[in-house]
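Novice: One predicted model, sequence on top.
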Amino acid sequence: MADPAVLADTILRSAIDDYYPDSEEIASADLTNAHLPTILKHLDAAKDDVKKQVRAVSHKNAASIDSWISQARQLHADIETSKKQADEILKLDAEAKALTEALNDASAKQRFLIAEIKFNETLAGMLGKLQLIGATLVQVDGAISKGEFDQAVGILRGAEEALERLQGFEEIIVVGLMKEKAKILRKELLSRVEEAWGGLVRVEKEMGWVKIRKEVEVSEMMIESKTVISTLDMLDLLKDKVDHFHQQIDRLFIIPRLETQPGHIPTIEVDGDVLKVVDYDNNLSAGRLFSDLQLIIEFLDSHLPTAVMSNLSRILIPSLTSRLISTRLSSSVPSTLDDLPAFEGLLEETKRFEDVVHKREWARERELSDWVERAPKVWLAKRRETSVDNARKILAGGIGETEIVERSETQTVQVEDGRGAIVSGVADDWNAAWGDEEEKHSIPEELEQPKAQLKLEPIKPAQPAGFIDDDDDDGANGWGLDEDLGLDDDSDEPPKEPEPEPEPEPAPEEPIPQEANGDDDDMDWGAWGEDDDEISSKAPSSTARHPRKPSISKPASDQTNQSTKSKDITLTETYTITSIPRTLLSFISLLLSEANQLQTNPQYASSPIASAAPGILAIPSLILATFRALAPLYYSEELKSNMYLYNDCAFFSSHLPEEVNEKDVVQIHTFGKRQYSKEMEAQRTIFCDYLDGAQGFAGCTDTLQRQECDVAIASTISRLCEINTAWKPVLSKSALYQSVGSLLNTVVTKLINDIEDLGDISEPESVQLAKYCANIAGMEEELFGRGATEVYCGSWVRFRYIWRILESSMVQIMGMVRDGVMLRVMDKEEVVEMVRALFAESEIRRRVIEDIRREGL
């Protein structure tokens, strides 16, 4: 148990100093009743000690405390004084508020009295004004009754303005009544004026006449037209009335008089103050037209007041001039020279009519004279428009009836041994030039020529039909001459421009198409000839010629020692064109004839249209551009439509008159070749798609894959036969051979590449591939006849060797290699790869490969 004295001391310290004991025993000790006396004793002792200290401090500072007490008493006295002053201030404030309220009441009474005085004064003035306005409205009523409409308008307008100035009195009954009376008077005035205008200017549309009077009777009073016009002007109604009257005159006289349909031309007469339509006839003469128009205007000018005519002329004359130009004058522009005298008379009458209009000061502008001065341009523009429209109609009519035409071409060629007979036609038979020997299971029949007879390099693959070397390419490729006779100039010197040649009659045409680049797939603005300059800017080849001139081939360079001789060959063929080119040529000839007459015929020397002659010479270019733009749209989508278009362009380019721009001839020529190129490219794409379905002919002996390969070959053969059948009656024979040969070349080249890409060919696959080759080769007789295929299909010989390799043993292959002809169309490594693909690895195969590689060394 803790000591009570210690606990008492701890509690005292805690109360005075916030002390907390450090001893756990003291901090946790329990306080009991026994401890309280001791604790209270200590607290009392501490209390007494504090009192003693306070007394000691008070005794020590007694003087300062007395001073504080004195100051507190003085402060209390000052507070009491302030309270009394505040009470006095509050009392004065209450008195001031009472005085302010009295002042405000006096001021309000003063303002009220002033307002009352002003109101009385205003009321007196307003009553005076109302009295005056009332008298004015009475005057308005009197003026209306007397027919003095213009004076009534001025008086009424003053009364209405006075009523508007009576602001603040709108609710007064008297003011409202006066405003209502003013409205009634205005309505009555408008009614009288409308009645007067209707009497002055009366239009009867159904009866076809208009009557204009100088005065009119309204409510038993005669009103002059000047009074009515002046009143309408003051009421701002004159412009609307004039506009409406103009519309009536326009519908009743102007529009019918400008009609050009026979039987609907009105006959207009003046009967006193009446202008009327008395009859309809067929007179479309210019003199009658302008006479009637002048009669209408003079009638209006003589019967209408100046104020009305002034307003009417500002809208009537411009409207009449515009409609006259857009209807009668424009429709009277002739489309042929036969109608030119009547048109010239119309121009003279137009100028005289405008002179009359200006003399009477009805108009200031000279639109009709300007149009007359532009008449040559207008006539030329219409000629262009009708020409283009006629060209469009010709094309829209379709290909029409077809026509077989003939072309002949003479060329000088180099003839070497028997092969020249192919072109000249003097050889007995194609195969006769190649020998008659046969070796079974060796080489194709057309390749059985002995080495001793082979004096030329192997025939190079034919260039794909339609390829455009340049725009002025001659017809040698088309006839097949450069493929089989080696006419191409292989020198490294740049080609030179051909010398001008005399033009024989008739001018032959480009016989064979030359294709444009394959990327020209879609029809674009190039079809107009915009991009032809770029193509034709290339240097012409050594065989280039003009489309309208015959091609005479230059002798080939003397590059061999073989015996050659020159021979003139005349090639005559037929091809089919549509009705379009002859129709367009006739139209172009008519245009050129018109231009020639305008320039040379004395009849047109003084004609204002004669200056348009040079412009007519440019219209054929526009017609040809229209043909190039629209032909792909209007030629049918049949298989042979593009070939018809090609033939038409060839016929066009060779028969266009000499006056036609040379560039247009080249462009139409190039356009035909471009269309041919598009057709050929499309067909090549189709054939490649067919053969792609065989997936490279890999695994062609598998059941499913064999079906795909069979379908690919069958589709290709069917398509090629279909094309040959469709094009045969359209193209010339040479063009047909080259076109079909080019497509066949695409087929066999694709087939060759697919076969050579096969790394391993089993014996059954070899048999099947040979069968496919045989199926393709079976078309030769139908397409070209035996022996001519290699001339038009550049890869044909190579294809036949691939076929024979598929069917041959290694011994037979070596026989073909030693014969030497095969290695002229196939590379040694190409043959080696075929041997590796066909035969398994063995010593014999190795020796055969070595022999092939040594052959010819």
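Specialist: Received the coordinates, thanks.

Novice: Residue 566 belongs to a helix?
Specialist: No: using DSSP: H, G, I helix; E, B strand; the rest coil, the secondary structure at residue 566 is strand, not a helix.

Novice: which residues does it bridge with?
Specialist: Beta-bridge partners recorded for residue 566 (DSSP bridges): residue 414.

Novice: number of nearby residues for the residue lying closest to residue 192 once chain neighbours are set aside?
Specialist: Nearest residue to residue 192, sequence neighbours excluded (Cβ to Cβ, 6 or more residues apart in numbering): residue 218, at 5.7 Å. No exception for glycine: its C-beta is placed from N, CA and C like everyone else's. Using other Cβ atoms under 10 Å, residue 218 has 21 other residues around it.

Novice: So what touches the host helix or strand of residue 297?
Specialist: In this structure, residue 297 is located in helix 286-303 according to DSSP states H and E. For helix 286-303, contacts defined as Cβ atoms under 8 Å, 6 or more residues apart in numbering pick out 212-214, 249, 253-254, 257-258, 265-266, 268, 270, 273, 275, 309, 312, 316-317, 320, 324, 328, 332, 342, 345-346, 348-350, 352-353, 356-357, 360, 362.

Novice: same thing but 7 Å
Specialist: Residues external to helix 286-303 that are found in contact with it (Cβ atoms under 7 Å, 6 or more residues apart in numbering): 212, 253, 257, 268, 270, 273, 275, 309, 312, 328, 345-346, 349, 352-353, 356, 360, 362.

Novice: Can you tell me which of the residues you listed are buried?
Specialist: Buried residues within those, counting neighbours by 16 or more other Cβ atoms under 10 Å: 212, 253, 257, 268, 275, 309, 312, 328, 346, 349, 353, 362.

Novice: Which helix or strand contains the fifth one?
Specialist: Element membership of residue 275, judged by DSSP H and E, is strand 274-281.

Novice: Please put the alpha-carbon coordinates of that strand into PDB.
Specialist: Coordinates of each C-alpha in strand 274-281 appear next as PDB, following Å, rounded to 0.1, in the frame of the first residue of the first chain:
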ATOM      1  CA  VAL A 274     -57.500  47.200-130.400                       C
ATOM      2  CA  LEU A 275     -54.500  44.900-131.100                       C
ATOM      3  CA  LYS A 276     -55.800  41.500-132.200                       C
ATOM      4  CA  VAL A 277     -55.000  38.100-133.700                       C
ATOM      5  CA  VAL A 278     -57.200  37.600-136.700                       C
ATOM      6  CA  ASP A 279     -56.000  34.400-138.200                       C
ATOM      7  CA  TYR A 280     -53.200  31.700-138.300                       C
ATOM      8  CA  ASP A 281     -51.100  30.800-141.300                       C
END
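
Novice: Given that strand, what are its sheet partners and their directions?
Specialist: Strand partners for strand 274-281, identified by DSSP bridges, are recorded as strand 209-212 (antiparallel), strand 265-271 (antiparallel).

Novice: Make TSV out of these and add distance to residue 8 and mean pLDDT.
Specialist: Converted to TSV, these look like this (distance: least, Cβ to Cβ, whole Å; pLDDT from 0 to 100):
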stretch	distance to residue 8	mean pLDDT
strand 209-212	140	89
strand 265-271	145	87
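
Novice: Tell me which of those strands sits most buried.
Specialist: strand 209-212 (a mean of 20; mean count of other Cβ atoms under 10 Å).

Novice: Can I get that one in PDB, CA atoms only?
Specialist: What follows is strand 209-212, C-alpha atoms only, in PDB (Å, rounded to 0.1, in the frame of the first residue of the first chain):
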ATOM      1  CA  TRP A 209     -57.100  40.900-128.400                       C
ATOM      2  CA  VAL A 210     -56.000  43.700-126.200                       C
ATOM      3  CA  LYS A 211     -57.700  47.100-126.000                       C
ATOM      4  CA  ILE A 212     -56.000  50.300-124.700                       C
END
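
Novice: Use 791 as the first number for this chain going forward.
Specialist: With the count now opening at 791, the last piece we talked about shows up as strand 999-1002.

Novice: what does it contact?
Specialist: Outside strand 999-1002, the residues within contact range by Cβ under 7 Å, 6+ apart are 990-993, 1039, 1042, 1063-1066, 1093-1094.
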